[in-house]
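**Q** Here's my sequence, what's the structure:
(2 chains)
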Amino acid sequence: MARVVVDVMLKPEILDPQGQAVQRALPRLGFEGIAGVRQGKRFELEVEGPVDDAALARVHEMAETFLANTVIEDFTVRVETDADTVATTGTESGVRS
Amino acid sequence: MTPGPSPAATRHERPAGRGNIRVGVVTFPGTLDDRDTQRAVRLAGLEAVPLWHRDKDLKQVDAVVLPGGFSYGDYLRAGAISRFSPVMETVVEQAKAGMPVLGICNGFQVLTETHLLPGAMLRNNHLHFICRDQRLRVENADTAWTADYAAGQEISVPLKNIDGRYVADERTLDELEAEGRVAFRYLDGNPNGSLRDIAGITNAAGNVVGLMPHPEHAVEPLIGTGRTDGLGFFTSLLKKLVKAS
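**A** Numbering: from 1, shown residues only, chains lettered A, B, ... in the order given. As a prediction, this is how the structure comes out:
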């Protein structure tokens, strides 16, 4: 069964106080040299059947209408194969004016 | 008994004596403030009609309130799953046809997720849940839910949330300001980082209003703020719907 990964991130211009809180904690824990942290969401979808263009189009639609709120978030869609090799077909950003 | 409305009259044209106006209050799984909202509706002299999230039928109501709480556990994003519930299909359809809809707190989040109102709600900038009495300025006293206030009037109602930071892109914010669609603004300090101190907004037609603070918790002198500043939301409805008939 193929896995499709949807990554959802706040748009760059949107303040991410959770990411900032993580960043501020890093030096205290001995992790130096991190200039910025942004926190996002990762969805792993186990897709039944072949991951063809039609299936990816459905995932894209799902991400745009539900998994991400495109008013504040961008998303990317990519296919992950059984091995750790990652194919980057269908990577797109959901951007709405 | 007075004769009922003529069969030709739509429900928005119903001759509206007090108690004649039916206000639906939606309950989603995880909703907390539905009972308080029903009570506020009744205190305003209107009839409260409970609506269930799985039921598309709005039971002939004249207006709908989406109350506060944590519908569907706020999973994914606050309001993201509630938006797709059967009742919302009808609410969105009716709101576009002009029916008054008020979203309070989680209800406001649902309204932004449906895109009936622009922008989105995010985690408070300080990351803490906040619960306090909040002073607001009513910026637009011409909506279905604010007609009983005066523009510029200051009110105090409870605020309680963690995802209360209103955001929208600059163009949308400028549009909201230019069109007078910022309905409420925070006073005495911005509690959550909301852009331009926005506490609530309205759609262009003025029938759909959303805000984070809770007017339904400020309708009786004995509880909450000790004031009844929130009652005007519900009595406004009376004024608007009667005027429309």
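
**Q** contacts, neighbours, all on C-alpha from now
**A** Will do.

**Q** quick one: the strands in chain B?
**A** For chain B, the strands defined by DSSP state E occupy B:22-27, B:47-52, B:63-66, B:101-104, B:120-122, B:130-138, B:154-161, B:165-167, B:182-186, B:198-202, B:208-211.

**Q** So which of those is nearest residue A:80?
**A** Residue A:80 sits nearest to strand B:120-122 of all the strands of chain B, at 30.1 Å, using C-alpha to C-alpha.

**Q** Name the strands paired with the closest one and say parallel or antiparallel.
**A** strand B:165-167 (antiparallel) (DSSP bridges).

**Q** per-residue pLDDT, residue A:54?
**A** At residue A:54, the pLDDT value in this model is 95.

**Q** is it true that it lies in a strand?
**A** No: counting by DSSP: H, G, I helix; E, B strand; the rest coil, residue A:54 falls outside a strand, being helix.

**Q** For chain B, see how far away it is.
**A** For residue A:54, the distance to chain B equals 23 Å [C-alpha to the nearest C-alpha, to the nearest Å].

**Q** Just give me how far the lengthiest helix in chain A sits from the chain centre.
**A** If you go by DSSP state H, chain A has its longest helix at helix A:17-28. Relative to its parent chain, helix A:17-28 has a centroid offset of 20 Å by C-alpha atoms, centre = their mean, to the nearest Å.

**Q** again with stretch B:111-129
**A** Distance, stretch centre to chain centre, for stretch B:111-129: 14 Å (C-alpha atoms, centre = their mean).

**Q** How about stretch B:199-208?
**A** With C-alpha atoms, centre = their mean, you get 9 Å for stretch B:199-208.

**Q** count of residues packed around the one residue in chain B that gets nearest to chain A?
**A** Proximity of chain B to chain A (C-alpha to the nearest C-alpha) peaks at residue B:125, 5.6 Å away. Look at residue B:125: counted by other C-alpha atoms under 10 Å in any protein chain shown, it has 19 neighbours.

**Q** With mean neighbour count added, can I get the strands of chain B in TSV?
**A** Formatted as TSV, those follow (neighbours: other C-alpha atoms under 10 Å in any protein chain shown):
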stretch	mean neighbour count
strand B:22-27	25
strand B:47-52	21
strand B:63-66	28
strand B:101-104	26
strand B:120-122	24
strand B:130-138	18
strand B:154-161	20
strand B:165-167	24
strand B:182-186	25
strand B:198-202	27
strand B:208-211	28
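
**Q** May I see these arranged in JSON lines, with mean pLDDT as well?
**A** Shown next, in JSON lines, are the strands of chain B (pLDDT from 0 to 100):
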{"stretch": "strand B:22-27", "mean pLDDT": "98"}
{"stretch": "strand B:47-52", "mean pLDDT": "97"}
{"stretch": "strand B:63-66", "mean pLDDT": "98"}
{"stretch": "strand B:101-104", "mean pLDDT": "98"}
{"stretch": "strand B:120-122", "mean pLDDT": "95"}
{"stretch": "strand B:130-138", "mean pLDDT": "96"}
{"stretch": "strand B:154-161", "mean pLDDT": "96"}
{"stretch": "strand B:165-167", "mean pLDDT": "97"}
{"stretch": "strand B:182-186", "mean pLDDT": "98"}
{"stretch": "strand B:198-202", "mean pLDDT": "98"}
{"stretch": "strand B:208-211", "mean pLDDT": "98"}
